[in-house]
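Asks: Curious how this folds, go ahead:
(chains A and B)
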Amino acid sequence: MSAAHRFRSEFLRTFVERGAYYDCSAPEDLDALFGKERVTAYIGFDCTAPSLHVGSLVQLMTLRRLQQAGHRPILLMGGGTTKAGDPSGKDETRLLLTPEKIEDNKNAIVAGVRHLLKFGDGPTDAILVDNAEWLDKLEYIPFLREVGKHFSVNRMMTMESVKLRLEREQPLSFLEFNYSIMQAYDFVELYKRYGCRLQSSGSDQWGNVVSGIDLGRRMENVQLFGLTTPLITTASGAKMGKTVAGAVWLNADQVSPYDYWQFWRNTEDKDVGRFLKLFTDLPVAEIARLAALQGAELNEAKKILATEATAILHGRDAADAAAETSRKAFEEGVGAAAGLPTFEIARDKLGAGMAVTALAHAAGLTTSAGDARRQIEGGGLRLNDKPVSDVKAVVTEQDLNDGVLKLSVGKKKHILIKVV
RNA sequence: GGGGGAAUGUCCCGAGCGGCAAAGGGGGCGGACUGUAAAUCCGCUGCUUUCAGCUUCGUAGGUUCGAGUCCUACUUCCCCCA
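Replies: Below you'll find the model as predicted:
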């Protein structure tokens, strides 16, 4: 990492300056490469869920910055590797996903992140690739003879991920053992197809990245590079990615732009500067000014962080709308601020009156009616901003204002109930 | 192949003489204090139509008035010997 401050290329300087740099396989050579030509680089994601998570955002931002610096990013979807299943990290056997499910996940993931990059056919336009294109067709023996022969089991045994498992005497399946070979092969394949020279990833993928670099040298006699980003944690040491509602997915159908905005708005004080650098495009000088704000003034910086980060993912309009909804709900105290999450309920269901506990549950505000009851007992549930004190309280049409009523748990979780 | 352990509240760790909705943590949620922050303190944390009922302790059977706890088989994992 000592080479980090000596970088001359625009991209790597920015990368370091923004706090995204963790490690690099051959810093000086990569710097020189970035200085003299347009570089094609990739990051891979498996299709295990229908959306990526904020934890993947640093990687996605890497592709974005690459493109901004005039290079060409490849977004590699692991349609093939997901079929094999990546057991790394977990001791439980992950259930195998069906090919249809993988395909659906892939399409959903891509749809969710398309604003982050500009795709197309131009020289710096991003390319979308699926490793199923080549992995699906592999034949076992030919693959072993052409690729497998370059891997030394002795060396693989010394890889951090493998070594750790062996030392802890945790099981390591042969499938898992092979995973890094497939990932290494991806890198070489992308080099052959697109002249891709660099693989970026989270620091946990270091071993797999290095395998790809080695394979490139052995099979194609080319120098490939690896560049990793740090695991982002909050100042309190927790892994990033929880909101009042659960995991922070990137797709809008799972976490709305409003909730996404709120996630960033609730950043801890100490993280504001770091997150602005990592997750927005604001100039660092501007960020330095914002991060220097003290006390309650930092809230202004948090709003900017929220709006900028949301704009990158969901577009400027959605970000501004989320900011406006938040302003009304939290600063003006407008009860039923338009734009808050909304739940619709049929008029006849409410007609005879409905228990608040049942309504809170139906609207997804609480996990069960019992949970809602406990919230009432703890003074945490409010109807139209007034605390509900009676567990058996019933909601009727009289609680409606213009056909809408607001239900809240705690200070931050609000939902509008609209009668239709 | 032989022997010995383990699987608990579907977030995680983890106690549990045959009377257990099941100790204790962590995490999460709510309240107070604040600035929609952190820290701190307090409460809650299986479901329901809650003076009660119902479903939980790897799976399936069995013993018993009664089983997380005892027995049998199975599954998975760990350890030791070969």
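
Asks: neighbours around A:Thr267, how many?
Replies: 22 (other C-beta atoms under 10 Å). C-betas here are computed from N, CA, C, even on glycine.

Asks: Roughly how far does the nearest residue to A:Ala126 once chain neighbours are set aside sit from A:Leu128?
Replies: The shortest distance from A:Ala126 to any non-neighbouring residue, by C-beta to C-beta, 6 or more residues apart in numbering, is to A:Leu117 (4.0 Å). As judged by C-beta to C-beta, to the nearest Å, A:Leu117 and A:Leu128 stand 9 Å apart.

Asks: Could you check which of these two has the larger neighbour count?
Replies: A:Leu117 (20 against 14).

Asks: what sits against the more buried one?
Replies: A:60, A:63-64, A:67, A:73, A:75, A:126 (C-beta atoms under 8 Å, 6 or more residues apart in numbering).

Asks: same thing with A:Tyr191?
Replies: A:Tyr191 neighbours (C-beta under 8 Å, 6+ apart): A:197, A:216, A:220, A:222, A:224.

Asks: What's the separation between A:Ser200 and RNA strand B?
Replies: Look at A:Ser200 and RNA strand B: by C-beta to the nearest atom of the strand, to the nearest Å, they are 29 Å apart.

Asks: part of a helix, is that residue?
Replies: No - A:Ser200: not assigned to a helix; according to DSSP: H, G, I helix; E, B strand; the rest coil it is strand.

Asks: now, which of the contacts of A:Leu117 lie within helices?
Replies: A:60, A:63-64, A:67 (DSSP state H).

Asks: From those, pick the one nearest RNA strand B.
Replies: The closest of those to RNA strand B turns out to be A:Leu60 (C-beta to the nearest atom of the strand; 24.0 Å).

Asks: Hmm, A:His115 and the closest one touching each other?
Replies: No - A:Leu60 is not in contact with A:His115 according to C-beta atoms under 8 Å; the separation is 10.3 Å.

Asks: Looking at the two, which one has more neighbours?
Replies: Counted by other C-beta under 10 Å, A:Leu60 and A:His115 do not tie: A:Leu60 has more neighbours, with 22 against 16.

Asks: coming back round to it: ok, which pair from the ones in helices among the contacts of A:Leu117 is furthest apart?
Replies: A:Leu60 and A:Gln67 (11.0 Å; C-beta to C-beta).

Asks: and the residue nearest to A:Ala126, what pLDDT?
Replies: For A:Leu117, the pLDDT comes out at 95.

Asks: Phi first, then psi, for it.
Replies: phi -130, psi 160 (degrees, to the nearest 10).

Asks: any idea how far it lies from A:Gln59?
Replies: For A:Leu117, the distance to A:Gln59 - C-beta to C-beta - is 12 Å.

Asks: Show me the shaky parts of the stretch 301-420 of chain A.
Replies: Low-confidence segments of the stretch 301-420 of chain A, defined by pLDDT under 70, are located at A:334-336.

Asks: hey, where'd the strands end up in it?
Replies: A:342-345, A:354-355, A:381-383, A:386-387, A:394-395, A:404-409, A:413-419 (DSSP state E, counting those that start in this stretch).

Asks: ok, residues contacting the first one?
Replies: Applying C-beta under 8 Å, 6+ apart, the set of residues contacting strand A:342-345 from outside is A:359, A:362-364, A:415-420.

Asks: Check the offset of the longest helix along chain A from the chain's centre.
Replies: If you go by DSSP H, chain A has its longest helix at helix A:174-194. Relative to its parent chain, helix A:174-194 has a centroid offset of 23 Å by C-alpha atoms, centre = their mean, to the nearest Å.
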